[in-house]
Each structure stands twice: as structure tokens, then as C-alpha cells.
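K.L.:
no sequence for this one, just the structure:
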């Protein structure tokens, strides 16, 4: 399991994208996700793809690594593409395989959806590749701040987010450790009938839950011991501040947006 | 069963920014029936090394031989269960692996997986409980109701019950009280001698290495830094200090004795009591070269 990795696991670096304020990145990606559904011709997709590729290159992360991270989602992209080929019946018949007729509209639609998917995933994974989970949480907390007026527990939500993010690697390590210990005691996770394999998960899950609960209790105790009592009146160690780069990138993105709306039909 | 590592390297997450060389060109030969201590700092590759011993991980390059079972990077592991039955590993904090409803069920979990007959297991359990010093009435209790030390002993029994030919111990006494540590280490030593087992102990304790091992391998940054009989290894204080390790207290004491009082008492593995007598005698004789 140490050989596998999470999609978009943070890669330390010092590129412009790394140095951007998390709020800038979140805002841009939020709009990118909406705007991608407004693209309706080749040129407008081209503008969006250009923006995505440009962002990708400025991160200075190895392209092969980014693409490798996208590996698990290729399946979904290809699956939706094929689904479109089979289901959509627009335009003229291009060719037929085994009495299945493939329409030109289906091909176009399939390609469009796949492209949308790829761009979406690429952009969002750029966010997590260049931003530590902690600063993403900080960004989200600061952006949700106005909701405090309607008594929405912003701080608590952010805390829950950062705690769960913090413990993902820990739990993964724990899982690996326990599965190795049980494998040494003769548990076979990989082969055997479905029923046996499901049964093999019990010796893994029970200890995992036990330790997760224990850990949660210890964490709560440690927080209380240090006088934690919620977000009221709490100052921040890492204060977010918009820099000149952020302004520059905002303006640049706005320009791209304008260009984009001119290219639409 | 002999254990042979031949130029073994292991790389985690190759070709990513997180690439990490855990082992580099590690070669050694462990004779059947010996007690080997593997010492090194955190991150020196000890844990990765022992995971090669029962095929939990495969080398990235090189070859591992355990008896006549060969692990190479290219070949898929065949009948890895036969290997795991012979190599028992007690991991760090083994109590984390407990999961059954009763202690008895948890101890018999391993043998069940290896299709060892229930009667054989039933026969082994009373002896085992005696060895790990647990009362018989513990068998029907839930392992989660026990104290930390008792849980540790149950988990250890769960590995010993498979009667492995090679016993691998990864800091088996971490977090126990001093008395528990000594009891457990003595128990492993008895088990080692009685059954002519090969024992591999990963430890930070130089004292344990000196007391029990007949061969020491010092690891540093994924490489074998030093290797040899403990008495020889612990002669070279400087080399050990270079990798942030120290020599056992007993030897440190004797070295100081020599430099301060010019009394030289060679260390041959005497007990502390015996050494005390020798030191007292030396003083009585006025054994000074001044």
C-alpha cells in the first residue's frame, strides 16, 4: 500500500501556483467548474484547455506524475464516453458494430463530456497537488466566515475537516500495519472466494475501529487539556493575506473569462 | 533454515517525488538457529528488512532466500502461506492486531489460517500461557478487557502458537514496564533455545543485543553498517557513535574503569553480579599499573 498514493497528494514546491493564497485557488477553480458547462464549441473548449494546461505547467510538478495521479479516473472518463456512443442517437449514422449504430452526435457528445471530465479533474487535482490540506481548510474557513451571521458553525466545520484530513494518512498507515500483521498470521486478502475475502476483512476492521476510537478520545482529551473551547475569540497562527500575485492571477483569470465568453457561439 | 540476503534493495514509491530508498544493497547470511540482533536508528530500514522475511514486501532488486524459498523482484510469490507459516513476526505493538471475542479464539486464529489441527492447538495453548505468564482463566475473556501488558502477551502467544521456525521480533518490549520487558525477553530467549529456532530481534537496546544475541547487524540509512559478534561490535565505540548509537552500559563502565583507574577487565559476557566481584577483587589486589 505504500506504493499507492492518493489522487492529488500534496507535492511541496515553490512555484507561483504553490504560493497563491488558497482562497484565490479555490475561487478560480470554483468558477472554472461552473464555466466549463458554458463551453459550447471547439474554440471555447480550447480556451479552457489552454488555461488548465498553463496552470499545470506553472506548478512545475512533473507532468508524468500529474497524469499518473489521474489514472484512477481514466476508467470513468472512458466509461462515460462509451456509454454516450451507445445511448445517444443524434446526427447521422457513422458506422455500426454488431448491429449497434454509432451516431456522429454521439461521438461529438462523448468527446465533449470526456474532455469536460478530464479538465475538471485536472484543475481540481492541481488544487490539492499545490496546496497543503491545512491551508485548503484555512481558505474554506475564511471564505465561509460570512455564514457565521446566521449561526452556521464555520469554525467547527473547518476543525472537523482538518482533523479528518490530518488522520487520513495515519489511518492508512494503521491499515497497512494491521493488514501486514494479519497477513503474517495467515490471512489471505488477495485470493479465495468472495465470501472468504469478505471474512478476511474482519480481522482488519475491528482493530482499525478500536484504534480510531481510542485515538479520537485521546485527541479530545489532549485538546481539552490545552484549554480548547471552540472558535470564539481564537486568533490564528497562519493568517491568510492576499498578495500581489493573487491580484495578478485574478486579473489574468478574468481576462481569460472575457476571452472565453467571446469565443462562445 | 538459513536466511540469505543477496544485494537486496527496496525503494518505496519509485518514480514519484516521494521516492524513498529504504534498503540499499543489503547482503548478509544468517545461520539457522542463531540469535541475531538488528540495530539501527528509526528510518534505517529495519522494518522494511524484516518484512522481506515472510514475503510481505518484495525486493526492488536483489534476492532473498529463506531456507529454499526464494524471493526475487520478478517472480510472483508462490505458496507464500508455506513461508508465512514458518516465519512468525511479532510486530511493534502487536496488541493492535487483536480482534476476536475471546483470548482463546484470537490465539487460535493463526493456526486456523494455516490449517493446523484444532487438537494440536488445544495442546499447545496451556504451555504457551505458561510461557507468556498468563493465567488459564484468561482464555474466555475478551482481549479488549485486558491490561496493555496482558494484551501484549496474548498477541505474542498468537504468533508463538504457530511454532515458527524463524521468529522475528520487532521491538517486542516497547512501552512495557522494566519488569515486563525482562520477563518477555527472557521468555523469547528460552523459546529460542528450547526449539532451536532462529530468532531475529530488532531493537534499540544495546543491553538486550549484548545479552541475548550471538550476531549483531547494525543498519544505517538502508545499508549494513557493521556486522559481527556483539563483543566485537561493541569494542568500536567510535564507529557506533558515528551513527548515533552507543555501546552497552556495562562496556562503557569497564572502559571508564580502565581509563580512570587503569584496571582492565576483559568483557566476556559476564553477568553484572560476576563483574561486580571481579571489579572488587581487582581493587583489593591493588591492580594498578601506576
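P.N.:
Good, I have the coordinates. Being a predicted model, the structure only gives us computed values, none of them experimental.

K.L.:
near chain B, which residues of chain A are found?
P.N.:
Residues of chain A lying close to chain B by Cβ under 8 Å from any Cβ of the partner chain are A:2-3, A:5, A:9, A:11, A:61-62, A:64-65, A:68, A:174, A:177-178, A:180-188, A:202-203, A:206-207, A:210-211. Every residue, glycine included, has its C-beta placed from N, CA and C.

K.L.:
quick check, residue A:242 in contact with residue A:22.
P.N.:
No - in this structure, residue A:242 is not within contact of residue A:22 by Cβ atoms under 8 Å, at 10.7 Å.

K.L.:
could you check which of the two has the larger neighbour count?
P.N.:
Taking other Cβ atoms under 10 Å in any protein chain shown, residue A:242 and residue A:22 do not tie; residue A:22 has more neighbours (22 against 12).

K.L.:
roughly how far apart are that one and residue B:120?
P.N.:
Residue A:22 is 60 Å from residue B:120, where distance means Cβ to Cβ, to the nearest Å.

K.L.:
thinking again about what came up before, quick one: buried ones out of the residues of chain A next to chain B?
P.N.:
Neighbour-count burial (16 or more other Cβ atoms under 10 Å in any protein chain shown) applied to those gives A:5, A:9, A:11, A:61, A:65, A:174, A:177-178, A:180-187, A:203, A:206-207, A:211.

K.L.:
strands of chain B, start to end?
P.N.:
Using DSSP state E, the strands of chain B run over B:3-12, B:20-30, B:35-40, B:61-66, B:69-71, B:87-90, B:166-170, B:198-203, B:215-220, B:223-228.

K.L.:
in JSON lines: those strands, plus mean neighbour count.
P.N.:
As requested, these are exported to JSON lines (neighbours: other Cβ atoms under 10 Å in any protein chain shown):
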{"stretch": "strand B:3-12", "mean neighbour count": "19"}
{"stretch": "strand B:20-30", "mean neighbour count": "18"}
{"stretch": "strand B:35-40", "mean neighbour count": "25"}
{"stretch": "strand B:61-66", "mean neighbour count": "19"}
{"stretch": "strand B:69-71", "mean neighbour count": "17"}
{"stretch": "strand B:87-90", "mean neighbour count": "25"}
{"stretch": "strand B:166-170", "mean neighbour count": "24"}
{"stretch": "strand B:198-203", "mean neighbour count": "25"}
{"stretch": "strand B:215-220", "mean neighbour count": "22"}
{"stretch": "strand B:223-228", "mean neighbour count": "17"}
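
K.L.:
will you turn those strands into CSV that also has mean pLDDT?
P.N.:
CSV is the format used below for these (pLDDT from 0 to 100):
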stretch, mean pLDDT
strand B:3-12, 94
strand B:20-30, 93
strand B:35-40, 94
strand B:61-66, 94
strand B:69-71, 93
strand B:87-90, 94
strand B:166-170, 95
strand B:198-203, 95
strand B:215-220, 94
strand B:223-228, 94
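
K.L.:
can you list these in CSV and add distance to chain A?
P.N.:
Below are the strands of chain B laid out as CSV (distance: least, Cβ to the nearest Cβ, whole Å):
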stretch, distance to chain A
strand B:3-12, 5
strand B:20-30, 9
strand B:35-40, 17
strand B:61-66, 13
strand B:69-71, 15
strand B:87-90, 5
strand B:166-170, 9
strand B:198-203, 13
strand B:215-220, 19
strand B:223-228, 20
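
K.L.:
any idea how far residue A:55 is from the spatially closest residue to residue A:24 that is not a sequence neighbour?
P.N.:
Using Cβ to Cβ, 6 or more residues apart in numbering or on different chains and skipping residues adjacent in sequence, the residue nearest residue A:24 is residue A:246, 4.5 Å away. Separation of residue A:246 from residue A:55 (Cβ to Cβ): 14 Å.

K.L.:
which bits of the stretch 51-200 of chain B sit near chain A?
P.N.:
Residues of the stretch 51-200 of chain B lying near chain A (Cβ under 8 Å from any Cβ): B:51, B:54, B:56, B:81, B:84-85, B:87-89, B:91, B:94, B:96-99, B:109-110, B:112-114, B:144, B:158-159, B:162.

K.L.:
among the residues you listed, which ones are buried?
P.N.:
B:51, B:54, B:56, B:81, B:84-85, B:87-89, B:91, B:94, B:96-99, B:109-110, B:113, B:158-159, B:162.

K.L.:
which of the residues you listed fall within helices?
P.N.:
Applying DSSP state H to those, the entries found in helices are B:51, B:81, B:84, B:85, B:109, B:110, B:113, B:158, B:159.

K.L.:
any idea how far the second one lies from residue A:113?
P.N.:
Going back to what we said before, that points to residue B:81. Distance from residue B:81 to residue A:113, by Cβ to Cβ: 46 Å.

K.L.:
tally of neighbours for residue B:282?
P.N.:
Neighbour tally, residue B:282, other Cβ under 10 Å: 16.
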